[in-house]
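J.: structure, please.
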Amino acid sequence: MNPPGAGVGGWYARCVGALRRGWSLLLPIVLLTQVLPAVVLAVLALVIDPTARWEEQLADDSSALPSGFWADSLVWVGSLFGAGLIASLVQCVGWAAGTWVIARQAAGTPVDLGAAMRYGVRRALGLWGWTLLFGMIVLFGLCLCFLPGIYAVFALAMVGPVYLFERDNPIGRSHQMLRQRLGLLLGRLALVIGAVVAVSLVAAAIEQVGLLLIGTGPMETRTVTAGTVVVTVLAALLTLPGQLAQLVGLVVTYAEQRGHEGPVNDAQLAHELG
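T.: The predicted model follows:
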């Protein structure tokens with residue numbers, strides 16, 4: 001991953017190198033911890049979605065709320081919120097495991113899937129806590145005037161790597177990195193975030209088209225249910241390149257920033273992960 005330099009071209013080359021070295025391990029890690037939770041969450045949302053029943057009742061009588069509206073809403077929102085928290089914890093297992101693979105392979109240290117996942121489980125809870133705090137700060141910023149939320153995304157993008165490598169003050173340290181090298185870090189993060197957003201939009205558009213082609217309620221018959229699940233799985237798989245770009249891009253960007261701050265090598269960074 002080091003040394004830094006050669007501008008965006010050098011950074012991109014290091015990202016490609018990390019992906020070439022680790023794709024055989026990173027692929028199953030991302031599939032298990034990013035794609036699978038997203039599929040489960042999407043299918044759960046369709047299964048418990050009460051809006052189809054509400055529309056039927058409103059068609060008969062639009063002057064009153066559907067029966068059980070508030071109870072259904074509470075169950076729907078509460079279930080998705082709880083499932084989302086669990087899914088984000090599983091995703092943190094993957095972020096930690098993937099970071100471990102990238103760092104150790106860059107240092108020439110042998111890695112395997114089992115050891116990577118064990119490391120991910122060991123570090124996931126702490127990473128999860130900081131990720132939730134990051135999400136709340138971004139959401140608060142978006143609610144204020146949108147632009148503060150966008151700034152928070154860039155300022156706190158290094159929270160995960162900082163926590164995993166340094167374990168101290170991820171929020172402040174991430175913001176410090178951005179302020180120290182604003183143009184350099186902003187450009188790399190813009191490329192990573194742009195790739196993630198572009199892939200996500202394409203996947204979401206394809207999913208919506210697929211669900212519209214199915215036509216009727218997503219869980220009305222076995223055939224329609226099977227088609228809905230297939231469309232959901234395919235859409236989640238389409239986000240895989242974005243997930244890989246985010247994981248590799250953030251880790252390589254963090255390593256590059258450390259190289260600008262002072263002498264550091266890949267073996268030292270791998271050792272810092274623990």
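J.: what comes into contact with the helix or strand hosting Arg14?
T.: Secondary-structure element containing Arg14, defined by DSSP states H and E: helix 7-30. For helix 7-30, the external contacting residues (C-beta atoms under 8 Å, 6 or more residues apart in numbering) are 1, 4, 6, 94, 97-98, 101-102, 105-106, 111-113, 116-117, 120, 187-188, 191, 240, 243-245, 247-249, 251-253, 255-256. Any C-beta I mention is one placed from the backbone N, CA and C, and that applies to glycine too.
J.: now it: mean pLDDT?
T.: For helix 7-30, mean pLDDT rounds to 94.
J.: let me see the ranges of the helices in the stretch 101-250 of the chain.
T.: With helices called from DSSP state H, counting those that start in this stretch, the stretch 101-250 of the chain shows them at 113-145, 147-155, 159-166, 170-180, 182-214, 222-238, 240-261.
J.: low-confidence stretches in the stretch 151-274 of the chain?
T.: Across the stretch 151-274 of the chain, the ranges flagged by pLDDT under 70 are 215-220.
J.: on that earlier part again, packing partners of the next helix or strand after the helix holding Arg14?
T.: Along the chain past helix 7-30, the next helix or strand (assigned with DSSP H and E) turns out to be helix 36-48. Using 3 or more C-beta pairs under 8 Å, 6 or more residues apart in numbering; DSSP states H and E as the contact criterion, the elements in contact with helix 36-48 are helix 69-106, helix 222-238.
J.: and among the ones you listed, the most buried is which?
T.: helix 69-106 (a mean of 19; mean count of other C-beta atoms under 10 Å).
J.: packing partners for that helix?
T.: Partner elements for helix 69-106 (3+ C-beta pairs under 8 Å, 6+ apart): helix 7-30, helix 36-48, helix 51-60, helix 113-145, helix 159-166, helix 240-261, helix 266-273.
J.: and the angle from it to helix 7-30?
T.: With axes from the mean of the first three to the mean of the last three C-alpha atoms, to 10 degrees as the criterion, the two stretches helix 69-106 and helix 7-30 enclose an angle of 120 degrees.
J.: and helix 69-106, how far out from the chain middle?
T.: Centroid displacement of helix 69-106 relative to its chain, using C-alpha atoms, centre = their mean, to the nearest Å, is 9 Å.
J.: pull the number of nearby residues for Ile171.
T.: Burial of Ile171, expressed as a neighbour count using other C-beta atoms under 10 Å, amounts to 18.
J.: could you do Leu182 as well?
T.: Neighbours of Leu182 using other C-beta under 10 Å come to 11.
J.: spatially central residue in the chain, please.
T.: What sits nearest the mean C-alpha location of the chain, by C-alpha atoms, centre = their mean, is Gln243, with 6.3 Å.
J.: confirm for me that it is in contact with Val35.
T.: Yes - A contact is recorded between Gln243 and Val35 when judged using C-beta atoms under 8 Å, the distance being 7.2 Å.
J.: list the contacts for Ile150?
T.: Taking C-beta under 8 Å, 6+ apart as the contact definition, Ile150 lies against Gly141, Leu142.
J.: distance check, it against Gln243.
T.: According to C-beta to C-beta, to the nearest Å, Ile150 stands 21 Å off from Gln243.
J.: how close does the nearest residue to Glu207 once chain neighbours are set aside get to Gln208?
T.: What sits nearest to Glu207 in space, not counting adjacent residues and going by C-beta to C-beta, 6 or more residues apart in numbering, is Ala235, at 3.5 Å. Applying C-beta to C-beta, one obtains 9 Å for the distance of Ala235 from Gln208.
J.: repeat for Ala97
T.: When C-beta to C-beta is the yardstick, Ala97 and Gln208 sit 31 Å from each other.
J.: what's the answer for Glu166, then?
T.: Relative to Gln208, Glu166 is positioned 41 Å away (criterion: C-beta to C-beta).
J.: equivalent analysis for Pro110, please.
T.: From Pro110 over to Gln208 the distance is 44 Å, taken as C-beta to C-beta.
J.: and Ser260, how many neighbours?
T.: Check again: residue 260 is His, not Ser. Other residues within reach of His260 by the criterion other C-beta under 10 Å amount to 15.
J.: that one touches Leu185, doesn't it?
T.: No - with contact defined as C-beta under 8 Å, His260 and Leu185 do not form a contacting pair (9.5 Å).
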